[in-house]
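*Asks:* Sharing a sequence plus its predicted fold:
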Amino acid sequence: MNRLKRILYGNPFLIATAYLIISAIWITYSDYYVLHHYEDTETITLAQSYKGWFFITVSALFIYILVQLNNNKLNELIQNLEISKKEFEATFEQAAVGIVHHMPDENLIRVNQKLCDIFGYSRDELLNMRFEDFITSEDLKRGRELDHELIDGKRDVYATEKKYIRKDGRHVILKITKSIVHNGRDTPEFLVGIIEDITKQKQAEEAVIESLKEKEVMLSEIHHRVKNNLAVITGLIELQMMEEENEQVKEKLRYCDLRIKIIANIHQELYRSENLAKLYFDTFLKEFIQEIAVALSMQKEINLEFNCRHVLLDVNQAILCSLIVNEVVNRMFQNTKNGSRTRKMIVSLDQEGKKVKLSIQNEEQTTGRNFKLKENLLLQSSIIDGLAKQLIANYNFEYDNMELVFTLQFDKSDINSFR
């Protein structure tokens, strides 16, 4: 039965041709049969009459079957069309976003209820409006340019954000995505717009940005005040150094002064930087080692060489690493000041993945001095140990007669807190 339906739903020309051939065969052979089997004119006339009525009945039955099958198929198509229409209308009307169809000349064809709710107009009011009635002037021109690109085939779809005007006069920010529908001749028929109200999302983003700006200002002010307070402390220490006669006490006060200045300088760098939580340690390292040389009047006696890659550290690691470097460099400078003839100090900073490696190489022309320097540094290892534990770092001294190398290794952290 299904095979018969497929045949009958097939090409109408083939069905008509088959019907014509069968009819011609029937008429030809049925007439031949009657004329050769009957001689009486009345009998021949009666047989021809029966033959004709049979042919008409069969033809009528065949036409009935074709019409009935066609009607069934047509009813099925109508039902499917009605279901598709209802599904489309339900999807169109109950969509969670606004939907609009409009002609290329900007006449609105249909809008859904969500779009009416967004703009605050009734459906009839909205369908009788033009774009300039509810789109701000600054967005209208750009929107028309994008629409023309769709109509001209330069793009298939576009998405943008625009300011629209509600019926009550309030401005809302909407995200609109548009495409175009063509008819069978590839002529633009109408444009489809999907519209989503993102006003609250934009307001939330602006609130977050404003909050971040306030926090940045507050953090910048904190860095500035910390730096100023530390400057007061270093000023008091320097006054005490000027009044102190004991050279050993003055030396200890000088070390304390340098340590506090390092922390103050880091806060100063962060205050001047756009990034209030991290700083480029390579730049800071060069500056503060040169400051130590100036403070100890060693800038002319030592040739400083820096081989440093850009390394970005958070404030806590920068402070701890700087304090460790301060202890080492101070002792190396002091060793030179006490009679050694150091000609070069090489400072290297590198990073591989999250691993940061810092080395300080002290090249000595007078043998034996670096051995005493190593002993001096080992005596200060309790300070370096404490700082290295907070930094979660490993350090080492390597020594021969002409060279002492201090190395420090630790993993770069993205967490801005002491551990």
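*Replies:* Thanks, I have it. Numbers count the residues shown, from 1 in each chain.
*Asks:* okay, residue 320: pLDDT?
*Replies:* Confidence at residue 320, expressed as pLDDT, is 86.
*Asks:* Surely it is in contact with residue 391?
*Replies:* Yes: Residue 320 is in contact with residue 391 according to CB atoms under 8 Å; the separation is 4.2 Å. Bear in mind the C-beta positions are built from the backbone N, C-alpha and C, glycine included.
*Asks:* Which of these two has more residues huddled nearby?
*Replies:* residue 391 (24 against 21; other CB atoms under 10 Å).
*Asks:* can you give me the strands in the stretch 1-150 of the chain?
*Replies:* Applying DSSP state E, counting those that start in this stretch to the stretch 1-150 of the chain gives strands spanning 98-102, 108-111.
*Asks:* Give me the mean pLDDT for the first one.
*Replies:* It refers to strand 98-102. For strand 98-102, mean pLDDT rounds to 90.
*Asks:* In its sheet, which strands sit next to it, and in what direction?
*Replies:* The pairing partners recorded for strand 98-102 under DSSP bridges are strand 108-111 (antiparallel), strand 188-197 (antiparallel).
*Asks:* Including distance to residue 44, could the ones you listed go into CSV?
*Replies:* Below are the strands paired with strand 98-102 laid out as CSV (distance: least, CB to CB, whole Å):
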stretch, distance to residue 44
strand 108-111, 70
strand 188-197, 66
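*Asks:* Of these, which is nearest residue 211?
*Replies:* Among the strands paired with strand 98-102, strand 188-197 comes nearest to residue 211, with 23.0 Å by CB to CB.
*Asks:* Need the residues that contact that closest one.
*Replies:* Defining contact as CB atoms under 8 Å, 6 or more residues apart in numbering, one finds that strand 188-197 is touched by 97-104, 109, 115, 118, 147, 150-151, 172-183.
*Asks:* Write the PyMOL selection for whichever of these are buried.
*Replies:* Applied in PyMOL, the following selects the buried portion of the contacts of strand 188-197 according to 16 or more other CB atoms under 10 Å:
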select buried, resi 97+98+99+100+101+102+115+118+147+150+172+173+174+175+176+178+180
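*Asks:* So which of the contacts of strand 188-197 sit within helices?
*Replies:* 115, 118, 147, 150-151 (DSSP state H).
*Asks:* And the furthest pair within the residues you listed?
*Replies:* Farthest pair in the ones in helices among the contacts of strand 188-197, by CB to CB: 118 and 151, 24.7 Å.
*Asks:* neighbours of residue 161, just the number please.
*Replies:* Neighbours of residue 161 using other CB under 10 Å come to 12.
*Asks:* Run a quick check on it versus residue 174, I expect a contact.
*Replies:* Yes: counting by CB under 8 Å, residue 174 is a contact partner of residue 161 at 7.0 Å.
*Asks:* Need the residues touching each of those two.
*Replies:* Here residue 161 and residue 174 have residue 198 as joint contacts, going by CB under 8 Å, 6+ apart.
*Asks:* all helices of the stretch 201-350 of the chain, in order?
*Replies:* Using DSSP state H, counting those that start in this stretch, the helices found in the stretch 201-350 of the chain span residues 247-272, 281-295, 315-337.
*Asks:* Tell me which residues of the shortest one come out buried.
*Replies:* Right, the one you point to is helix 281-295. Buried residues in helix 281-295, defined by neighbour count with 16+ other CB under 10 Å: 281-282, 284-285, 288-289, 292-293.
*Asks:* Also the first one?
*Replies:* By neighbour count with 16+ other CB under 10 Å, helix 247-272 contains the buried residues 253-255, 257-259, 261-271.
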